[in-house]
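Q: Take a look and give me a structure for this.
(chains A, B and C)
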Amino acid sequence: MSQNCNTSLVLRKGAWTAEEDMLLKNCVENFGEGKWHLVPLRAGLNRCRKSCRLRWLNYLRPNIKRGGFDKDEVDLMLRLHKLLGNRWSLIAGRLPGRTANDVKNYWNTHLRSRLKQEKEKLKDGEQSEHTMVTVIKPQPHTISKTLNLYPHVTPNYTHNLITSSNNDSIDNTFNISPNVVSSPTFVDKINGYLEELFDNQEKKIDDEVGWSFGLEAEGLDSVKQVDGQNSVFDLPMDEIVMLDLLY
DNA sequence: AAAACCTCCAACCGCCAAGCG
DNA sequence: TCGCTTGGCGGTTGGAGGTTT
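A: Model (predicted):
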């Protein structure tokens, strides 16, 4: 079986026709999302499963928001990107109606160059008054039942207590055990933490500097990654530590 | 008017992790 | 434990349409 949709010469590629869209839409409406390997057969489409899935997710799915991003969306996107990096699906998950592809495209065409310019402007000016600290790059990228989320926490993790040094209103404490890690409650807690973190971070930045790319925000230390790459995580260390724990 | 250049975004590609037998 | 299949992700590309020369 092909992983890359390119073993069969008869499979169609390129732009989708209105007829193909209709067939795919009808199929997903009848059978539901998922089982993408069956979709081409069920829909009578000469497309590979990946192509069908992508077309549905990025274009045909109901409630997809079309048109340009408004200021609030861009603002949120910038903040989320600072926190999450190029994790487009996670960012899109917090922008209702937007797909990961939309977010990625918008970032690459509008924001990447702007951000680059901002950084260069910073570099040209004062040679960064920002404190340079070392941070371990958050990884891996997915949360799963089998994944060790806390490589720096001992494997014998029955009720390891992990706390952040941040003592504001956010509850940063997690009791970690294998059952907890795999439970929906744990995922809820992560989502809850992100909710609060974004709200909190948003207030903090608004209070201090208003809307900007965050690069010049007072009180936010720049962070240099251990791999030497330029970091997008110019955040207070408390959040960095927590994100490292979360991912 | 048309050729050259630029921008944007839909779609493809390659890779990875989970699930299953 | 291993190999295969599937779903999902981020990076990249190609072409359509717009703008400039």
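
Q: Stretch A:38-54 near DNA strand C anywhere?
A: Yes: for a cut-off given as CB under 7 Å from any atom of the strand, stretch A:38-54 has contacts with DNA strand C, namely A:49, A:50, A:53. No exception for glycine: its C-beta is placed from N, CA and C like everyone else's.

Q: tell me the secondary structure for residue A:78?
A: For residue A:78, the assignment made with DSSP: H, G, I helix; E, B strand; the rest coil gives helix.

Q: Just confirm it contacts residue A:112, I think it does.
A: No: if you go by CB atoms under 8 Å, residue A:78 and residue A:112 don't touch, sitting 11.3 Å apart.

Q: Between the two, tell me which one has more neighbours.
A: For residue A:78 versus residue A:112, the count of surrounding residues by other CB atoms under 10 Å is larger for residue A:78: 21 against 12.

Q: Among the residues of stretch A:38-54 next to DNA strand C, name the buried ones.
A: A:49, A:53 (16 or more other CB atoms under 10 Å).

Q: can you tell me which of the residues of stretch A:38-54 next to DNA strand C lies nearest to residue A:42?
A: For the residues of stretch A:38-54 next to DNA strand C, the residue nearest residue A:42 by CB to CB is residue A:49; the value is 11.0 Å.

Q: gap between that closest one and residue A:73?
A: 31 Å (CB to CB, to the nearest Å).

Q: Okay, now the unreliable bits of chain A?
A: A:1-10, A:113-247 (pLDDT under 70).

Q: Show me the domain layout of it.
A: According to automatic domain parsing, chain A comprises the domains A:1-62, A:71-124, A:133-246.

Q: name the helices or strands packed onto the helix or strand hosting residue A:50?
A: Counting by DSSP states H and E, the element that carries residue A:50 is helix A:49-55. With contacts defined as 3 or more CB pairs under 8 Å, 6 or more residues apart in numbering; DSSP states H and E, helix A:49-55 has these neighbours: helix A:18-31, helix A:39-43.

Q: Stretch A:29-42 close to DNA strand B?
A: No: for stretch A:29-42, no contact with DNA strand B is found by CB under 7 Å from any atom of the strand; the gap never falls below 11.8 Å.

Q: Output that stretch in CSV with nothing but the alpha carbons.
A: Extracted in CSV, the C-alpha atoms of stretch A:29-42 (Å, rounded to 0.1, in the frame of the first residue of the first chain):
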residue,chain,number,x,y,z
GLU,A,29,-22.0,13.5,5.0
ASN,A,30,-23.2,10.0,4.5
PHE,A,31,-20.4,8.0,6.2
GLY,A,32,-18.8,10.6,8.5
GLU,A,33,-15.2,11.8,8.8
GLY,A,34,-12.5,9.2,9.2
LYS,A,35,-11.7,5.9,7.4
TRP,A,36,-10.1,8.0,4.7
HIS,A,37,-8.7,4.9,2.9
LEU,A,38,-12.4,4.0,2.1
VAL,A,39,-13.4,7.4,1.0
PRO,A,40,-12.1,7.3,-2.6
LEU,A,41,-14.0,4.0,-3.1
ARG,A,42,-17.2,5.1,-1.4
